[in-house]
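Peer 1: what would the 3D arrangement of this be:
(2 chains)
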There are 2 protein chains.
Amino acid sequence: MLLLHLNKNKSIPLFQQVIDQVKELINQGSLKAGDRLPSSRKLAADCGVNRTTIFKAYEELWAMGYLESRQGSYSTVRKPAQFTKDIDTENISSISWILDINPSINKEYILKADVPIKKLKGSINFRPLSPDPGLMPTEDFRKSLNHILHNEKANVLNYGDAQGYEPLRKYIAKHQQMHQIHTSVNEILITNGTQNGLDLILRLYCTKETNIAIGSPSYNSAIHLIASHTDSITEIPILDTGLDLDFFEEEAKKQSIKMLYTMPNFQNPTGITTSQKHRERLLAICEKHHIIILEDGFEEEMKYFDKAVLPLKSIDRNQIVIYLGTFSKILFPGLRVGWICAHKQCIQQLTRLKELTEITGNLLSQAAVFSFCDSGLYNLHKKRIHKVYKRRMSLAIKAMKEYFPSWVEYTKPMGGYTLWVFFYNTSITELEIITQLEKVGVLITPGSNFYYQSTSEINFRISIAHADEDEILVGIRKIANVLNSIKS
Amino acid sequence: MLLLHLNKNKSIPLFQQVIDQVKELINQGSLKAGDRLPSSRKLAADCGVNRTTIFKAYEELWAMGYLESRQGSYSTVRKPAQFTKDIDTENISSISWILDINPSINKEYILKADVPIKKLKGSINFRPLSPDPGLMPTEDFRKSLNHILHNEKANVLNYGDAQGYEPLRKYIAKHQQMHQIHTSVNEILITNGTQNGLDLILRLYCTKETNIAIGSPSYNSAIHLIASHTDSITEIPILDTGLDLDFFEEEAKKQSIKMLYTMPNFQNPTGITTSQKHRERLLAICEKHHIIILEDGFEEEMKYFDKAVLPLKSIDRNQIVIYLGTFSKILFPGLRVGWICAHKQCIQQLTRLKELTEITGNLLSQAAVFSFCDSGLYNLHKKRIHKVYKRRMSLAIKAMKEYFPSWVEYTKPMGGYTLWVFFYNTSITELEIITQLEKVGVLITPGSNFYYQSTSEINFRISIAHADEDEILVGIRKIANVLNSIKS
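Peer 2: Residues are numbered from 1 along each chain as shown, chains lettered A, B, ... in the order given. Coordinates of the predicted model:
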């Protein structure tokens, strides 16, 4: 006799309970191939449920391949497919899943095991470069999602425009005017965050031989992605004023650099913002040498101090700048909504590539972000978090000034989330510093992550994104203590 | 005097209204560079609002670069950045955005203009291969979204696991057991739909010289994507039993085929499902010749008639099958949630590539799909739409039998959304048929879309996904009339 335990008060429908329990009996071996199941009439009587409930369940189980069933006959348990039982997840495959990888891929960037990040409980975490989860406007965003689903229904759940939800593109085009970037919806492609945007650009315009210039140090994930696309990377030192333009100009004369990846505002990792003059000279060099600029404006709107400096894209008279924007650093990284703003022809080709490789982006997220922005909530939220992060950044700079030994240098960012601490010292290694900091409960990001080649400097990145003011004060004091304990 | 129209009853905060209106005045030229704005005190009095409102607005406008402001002095309109006004979206760029494309990319698949799809109002649309928007469980899904946001909050809006939301991977691993695929969470990678999954696999394992076998005809978007990755494609004819295995085996002996892309269930476009025996022989051939199988199970659960046939992955004793699954054909395509199920090593490398190129997938969508599935709504929804599509498919087959001329052949799919109509006739071209059908208000997908090379057959695809029973009956009669008018 088949023993099922059906509960009419459960939210799971009765027929689904029957399915689940019969499947479980088959999977655990209590019911074996060939075993006959009671008739639907009998089982219904035994369980005290309607016969159609059992009938529906049997039908579904048959459709799933669990039961054999012939017209007018009893249902029996189906013979499991051959070999199924022998498959072990550790089984050796007859394909070499690693050796078979496309040899033109820089395997070290694919195969590289991630350094496991220790997340010691109770530690002060200066690592994450994403908005503080405690400040995320989750509830307001939930309302925007409901609003857009209520109004648009299936429209935002079906295949959509590969270029991205048009109202969002319109909003971005309009919003960018505040940064003096004047573009149309046709010059904007919505991407799954900046990384996806950068990848599309590199796929389209870069071969293994393409020379790409990057700042040194620079955003680690961008370095890895660029290095997976090309073997030819030119590192340009980052001075306290930004990219070393004399060095860059010399390199541009010497070799054929095709692209420059740069972050003019609050550069990751250093936090450095370049001046308007610096931007104009950079643009002039790139114009002269036909170098495409990939301008990563990841924190464009996170300026706390001093006047706004306008993006390179706003003075891009020759249309050589591809601008990368994102909602990840102000709203939610998990939504993966960013954009590329570039010459219409460039956007057209990138859109085709996007369509070819993904058909369409995540329409619901794009529509919800639009709804959030359009209702004015984005600007309000930005204002609110500005205040918090501005206080955090001020405090961090002040605390460094007060507690750090004089031989340690650090940047004083005008916005964003990150500060850069650096010094020259041969008596200690990066690993030793990190270990000592971890011992006192402070997590920072090692500077070596941000270089393509190595550096003679010892340095690390501090992010104030996830640390509140108390933690910043205590954390920087602790760092200062560790630094003070090193003989300079 | 500055004239602003502030409305205290609007949902937009007053300071935001001030910002918007001043920006508008600057953008339209009513306020020019150097113009002095009234003091915040005066403007507040003029507008009848609190002074801090104006102060906040001025501060924001300054931060946006619209105003110059010095301590204790009046605010003036800032000089727009140089050149801004000259930028025209049609401007010729100094970069050749098309010529500069990576020469190793098969440009024809990037540059190809999409054939504009005429969507004549009132037409019967047999084109779309996506769930009927009218049957989408939008409201239930909205509840799932709210449920997951309520429970998980910022957790599902931050960066997450590049491999995909773990509870969803667990659900998929468990759910696949009903198809006798026994895997663990480590053998599953969540992708942005099948296209993204296929792209990741091709990027990792395919070079320009890699020989890839595909069915002929086959899913057009897969053909385009594969052709953008390799120059070496082997087309295997599709017979009424599925891939021509004799032909395939001969090809496998003659040349080194590395991968086979196949859809054993309700093949797109033909709707053909292969038998268990066919699958076993196909697997044996691929095992012998070390051919990786890309099994696209895009409509695995959309079987209406006959017994369930188990996927190749369920009998994959040597782990040579990479299985591609998706929620796009049962739930929502716009969410872009699909998955790859393969050997652990393969999944590890694909995950690294996913992380490198996108950091992380869309966590919110993944979590919402999990919530929808986990609550039992997915299975219920599937049952509900099964009934509808089963009736539509039965009706389509019946109507073809009744009305089509005897010289026209068509498939009789056991599930899914598509049927394939084909014949040999030299008196008419594909374009003529399509044009005639459009004239009588019927939209179908031309068969030539589904071939890498051309075919001597005339054929087209009919999808019942978006057409209700009345439309199917009327539409197929209309097609029959057009076909009957052709001299065979």
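Peer 1: now do the domain split for chain A, please.
Peer 2: The record's domain parsing of chain A by automatic domain parsing lists A:1-94, A:115-132+A:381-484, A:138-376.
Peer 1: out of those domains, which gets the lowest mean score?
Peer 2: Among the domains of chain A, domain A:1-94 has the lowest mean pLDDT, at a mean of 76.
Peer 1: where along the stretch 301-450 of chain A do the strands fall?
Peer 2: Taking DSSP state E, counting those that start in this stretch to define them, one finds strands in the stretch 301-450 of chain A at A:321-326, A:338-341, A:409-410, A:418-423, A:442-443, A:445-446.
Peer 1: what ranges do the helices span in the stretch 301-450 of chain A?
Peer 2: A:344-358, A:363-374, A:377-403, A:430-439 (DSSP state H, counting those that start in this stretch).
Peer 1: mind listing the helices for the stretch 51-200 of chain A?
Peer 2: Ranges of helices in the stretch 51-200 of chain A, per DSSP H, counting those that start in this stretch, are A:51-63, A:107-111, A:138-152, A:166-175, A:193-205.
Peer 1: ok, which of those comes nearest residue B:317?
Peer 2: Nearest to residue B:317, of all the helices of the stretch 51-200 of chain A, is helix A:51-63, at 25.2 Å by Cβ to Cβ. Every C-beta, even on glycine, is put in place using the N, C-alpha and C of the backbone.
Peer 1: for that closest one, buried residues please.
Peer 2: A:53-63 (16 or more other Cβ atoms under 10 Å in any protein chain shown).
Peer 1: ok now that helix, how far from the chain's centre?
Peer 2: 44 Å (Cα atoms, centre = their mean, to the nearest Å).
Peer 1: check stretch A:362-380 too.
Peer 2: 18 Å.
Peer 1: list the buried residues for it?
Peer 2: A:362-380.
Peer 1: filter those residues down to the ones close to chain B.
Peer 2: A:362-365, A:375-376, A:379-380 (Cβ under 8 Å from any Cβ of the partner chain).
Peer 1: out of those residues, who's nearest residue B:447?
Peer 2: residue A:363 (29.1 Å).
Peer 1: and the residue positioned nearest the centre of chain A, how far from chain B?
Peer 2: Nearest residue to the geometric centre of chain A (Cα atoms, centre = their mean): residue A:333, 5.8 Å. Going from residue A:333 to chain B by Cβ to the nearest Cβ, to the nearest Å gives 5 Å.
Peer 1: just to revisit the earlier point, let me have the buried residues of helix A:51-63 in TSV, extended by distance to residue B:401.
Peer 2: Shown next, in TSV, are these (distance: Cβ to Cβ, whole Å):
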residue	distance to residue B:401
A:53	35
A:54	35
A:55	30
A:56	30
A:57	33
A:58	30
A:59	26
A:60	29
A:61	31
A:62	26
A:63	25
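Peer 1: most widely separated two among the residues you listed?
Peer 2: So, the buried residues of helix A:51-63 by Cβ to Cβ: farthest apart are A:53 and A:63, at 16.1 Å.
Peer 1: how about the residues of the stretch 201-350 of chain A by chain B?
Peer 2: A:203-207, A:221, A:224-225, A:228, A:287, A:290, A:292, A:303, A:307-308, A:310, A:314-320, A:332-336, A:342-346, A:349.
Peer 1: mark which of those are buried, thanks.
Peer 2: A:203-207, A:221, A:224-225, A:228, A:290, A:292, A:303, A:308, A:310, A:314-316, A:318-320, A:332-336, A:342-346, A:349.
Peer 1: tally of neighbours for residue A:350?
Peer 2: Under the neighbour criterion other Cβ atoms under 10 Å in any protein chain shown, residue A:350 is assigned a count of 25.
Peer 1: next one: the one 4 residues further on
Peer 2: The number of residues packed near residue A:354 is 25, by other Cβ under 10 Å.
Peer 1: OK, contacts around the closest residue to it other than its chain neighbours?
Peer 2: Nearest non-adjacent residue to residue A:354, counting by Cβ to Cβ, 6 or more residues apart in numbering or on different chains: residue A:162, 5.3 Å away. Listed by Cβ atoms under 8 Å, 6 or more residues apart in numbering or on different chains, the contact partners of residue A:162 are A:351-352, A:354-355, A:358-361.
Peer 1: from these, list just the buried residues.
Peer 2: A:351-352, A:354-355, A:358-361.
Peer 1: make TSV from the residues you listed and add distance to residue B:435 to it.
Peer 2: TSV is the format used below for the buried ones among the contacts of residue A:162 (distance: Cβ to Cβ, whole Å):
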residue	distance to residue B:435
A:351	29
A:352	27
A:354	31
A:355	26
A:358	32
A:359	27
A:360	29
A:361	34
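Peer 1: got the helices of the stretch 51-200 of chain A as CSV, with distance to residue A:431 columns?
Peer 2: Shown next, in CSV, are the helices of the stretch 51-200 of chain A (distance: least, Cβ to Cβ, whole Å):
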stretch, distance to residue A:431
helix A:51-63, 58
helix A:107-111, 20
helix A:138-152, 38
helix A:166-175, 43
helix A:193-205, 28
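Peer 1: which of the ones you listed sits most buried?
Peer 2: Across the helices of the stretch 51-200 of chain A, the average number of neighbours (mean count of other Cβ atoms under 10 Å in any protein chain shown) peaks for helix A:193-205, which reaches a mean of 24.
Peer 1: mind listing residues that contact the following helix or strand past that helix?
Peer 2: Toward the C-terminal end, the helix or strand that comes next after helix A:193-205 (DSSP states H and E) is strand A:211-216. Strand A:211-216 has contacts (Cβ under 8 Å, 6+ apart) with A:206, A:222-223, A:226, A:229-230, A:232-238, A:243, A:248, A:251-252, A:255-263, A:267, A:291, A:451-453, A:455.
Peer 1: sheet partners, orientation included, of strand A:211-216?
Peer 2: Using DSSP bridges, strand A:211-216 pairs in its sheet with strand A:232-239 (parallel), strand A:257-262 (parallel).
Peer 1: and the last one with strand A:321-326, angle?
Peer 2: The one in question is strand A:257-262. Following axes from the mean of the first three to the mean of the last three Cα atoms, to 10 degrees, one obtains 30 degrees for the angle between strand A:257-262 and strand A:321-326.
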